[in-house]
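Participant: Quick one, structure for this:
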Amino acid sequence: MKNSYSTRELADMLSVNESTVKRWADSGFIECVKTKGGHRKFPVRSVLKFVHENRMNAPSLSLSEFDGKDVQAHLSAGFVDVLVPPLKEAALQGDSYEVQRIMRTGFVSQPDLIIFYTKLVFPSLVEIGTGWENGELGVDSEHLATQAIKSALFRFQSEIFVKEPNGLTAVVSCFEGEVHDIAIMCVASYLTSEGWRVYHLGQDIPTADLAAFTRVKKPNLVAMSADIVENERSFVFSINNKIVPAAKKVGAMTILGGSGVPARFAGRVKCDLLSEDISDMRKVHEGMLNERTAGTK
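Facilitator: Presented below is the predicted three-dimensional model:
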């Protein structure tokens with residue numbers, strides 16, 4: 001993907017005329033820089049933010065990146081799952097910048113973050129993890145690929161449009177002992193893009209520290225990730241007797257997410273929601289935002 005686009009290139013890709021693009025730029029709707037000759041150049045970062053902000057599908061931005069009519073047809077329809085194989089391959093090579101390029105390509109084709117994560121990022125991780133479980137990949141290759149995806153996601157965050165603050169606050173964290181943090185990174189990214197103030201604590205946060213942080217920050221939401229739980233009894237005790245009480249004391253909703261979490265812990269963990277699908281975050285966000293809006297009227 002190019003580093004920037006001219007006015008004509010951007011107009012063609014967004015199916016508008018050049019005067020419209022110039023008006024957007026002059027009004028500050030989309031960031032641009034001017035060359036010494038006075039020509040406008042639109043950085044990829046600003047184009048992605050503009051597409052995301054306006055919920056535009058712009059597949060023509062991505063078609064030139066990949067050959068093959070089948071791939072281009074999928075991208076034109078917003079089906080970013082077609083990019084899973086090249087993203088996986090780039091990750092296994094440890095090429096985080098190629099991973100980021102592929103992510104950019106997918107994002108302009110499908111700028112809905114939840115769908116983008118669900119159909120492109122997570123399936124790539126699942127395939128890499130399955131390869132390790134089946135003995136097809138060594139732990140070194142699995143770690144290399146995971147780090148490449150994490151690095152690309154970290155840089156990609158700056159290219160996502162962030163709405164105005166909505167007054168809601170979230171604490172997101174991996175539970176104690178959990179080091180697989182890409183899913184919770186994506187949760188933090190989605191909430192941030194929707195205007196939340198997000199405190200992303202990262203991997204392996206001790207239970208006592210998470211509870212104390214919750215009491216201090218008084219968030220509206222505490223979202224935890226736990227894919228690997230070795231001692232279920234201790235885990236359930238910690239959630240029910242430390243995290244949930246701290247959250248309830250400040251009026252926060254609690255969510256526990258992870259692969260197989262609902263099946264394993266339903267009826268045992270007292271969180272408000274058990275989830276293994278990031279799509280649930282959209283429902284949580286919209287519900288809490290509606291409650292807050294109704295409360296201010």
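Participant: Just give me how far stretch 191-200 sits from the chain centre.
Facilitator: 11 Å (C-alpha atoms, centre = their mean, to the nearest Å).
Participant: Compute the first-to-last residue distance for that stretch.
Facilitator: 11 Å (C-alpha to C-alpha, to the nearest Å).
Participant: what's that stretch in contact with?
Facilitator: 52, 113, 157, 160-166, 168-173, 184-185, 188, 213, 217, 219, 221, 281, 285, 289 (C-beta atoms under 8 Å, 6 or more residues apart in numbering). Yep, even glycine has a C-beta here, placed from its N, CA and C like the rest.
Participant: List buried residues within the residues you listed.
Facilitator: 52, 113, 160-162, 166, 168-173, 184-185, 188, 213, 219, 221, 281, 285, 289 (16 or more other C-beta atoms under 10 Å).
Participant: Mind checking which of these are in strands?
Facilitator: 169, 170, 171, 172, 173, 221 (DSSP state E).
Participant: who does the second one bridge with?
Facilitator: Meaning residue 170. residue 198, residue 221 (DSSP bridges).
Participant: now it: how far from residue 281?
Facilitator: Using C-beta to C-beta, to the nearest Å, residue 170 is found at 10 Å from residue 281.
Participant: shared neighbours, the two?
Facilitator: Common neighbours of residue 170 and residue 281 (C-beta under 8 Å, 6+ apart) are 191, 223.
Participant: Kindly tell me how buried residue 293 is, as a neighbour count.
Facilitator: When counting by other C-beta atoms under 10 Å, one arrives at 11 neighbours for residue 293.
Participant: got it, and residue 104?
Facilitator: 21.
Participant: these two touch, right, it and residue 153?
Facilitator: No. Counting by C-beta atoms under 8 Å, residue 104 does not reach residue 153; the two are 11.8 Å apart.
Participant: buried set for the longest helix along the chain?
Facilitator: When the chain is parsed with DSSP state H, its longest helix is helix 139-156. In terms of neighbour count (16+ other C-beta under 10 Å), helix 139-156 has its buried residues at 141, 142, 144, 145, 146, 148, 149, 151, 152, 153, 156.
Participant: With adjacent residues omitted, what lies nearest to the last one?
Facilitator: To tie it back to what came earlier, the one meant is residue 156. Closest residue in space to residue 156, ignoring its immediate chain neighbours: residue 103 at 5.4 Å, by C-beta to C-beta, 6 or more residues apart in numbering.
Participant: do the fourth one as well
Facilitator: Of all residues not flanking residue 145 in the chain, residue 91 sits nearest, at 3.8 Å (C-beta to C-beta, 6+ apart).
Participant: Does the one you found touch residue 128 like I think?
Facilitator: Yes. Contact criterion C-beta under 8 Å: residue 91 and residue 128 qualify, at 6.6 Å.
Participant: so what sits against both of these two?
Facilitator: 145, 146.
Participant: before we move on, back to that, make JSON lines from the ones in strands among the buried ones among the contacts of stretch 191-200 and add distance to residue 39 to it.
Facilitator: JSON lines is the format used below for these (distance: C-beta to C-beta, whole Å):
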{"residue": "169", "distance to residue 39": "43"}
{"residue": "170", "distance to residue 39": "42"}
{"residue": "171", "distance to residue 39": "46"}
{"residue": "172", "distance to residue 39": "42"}
{"residue": "173", "distance to residue 39": "47"}
{"residue": "221", "distance to residue 39": "46"}
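Participant: Show the backbone phi and psi for residue 5.
Facilitator: phi -130, psi 150 (degrees, to the nearest 10).
Participant: Under the pLDDT cut-off, which ranges of the protein? List them.
Facilitator: Within the chain, the stretches with pLDDT under 70 are 1-2, 57-70, 72, 76, 296-297.
Participant: Where do the domain boundaries of it fall?
Facilitator: What automatic domain parsing lists as the domains of the chain is 1-54, 57-161, 169-295.
Participant: Tell me the gap between the second one and the middle of its chain.
Facilitator: This points to domain 57-161. With C-alpha atoms, centre = their mean, you get 12 Å for domain 57-161.
Participant: again, but for the shortest one
Facilitator: Averaging C-alpha coordinates over domain 1-54 and over its chain gives two centres that are 24 Å apart (C-alpha atoms, centre = their mean).
Participant: Dihedrals phi and psi, residue 275?
Facilitator: The phi/psi pair for residue 275 (degrees, to the nearest 10) is phi -140, psi 150.
Participant: ok, and what's touching stretch 234-247?
Facilitator: 175-176, 207-208, 210-212, 214-215, 222, 224, 226, 229, 253-254, 256, 265, 268-271.
Participant: Next, the distance between the ends of it.
Facilitator: Stretch 234-247: ends 19 Å apart by C-alpha to C-alpha.
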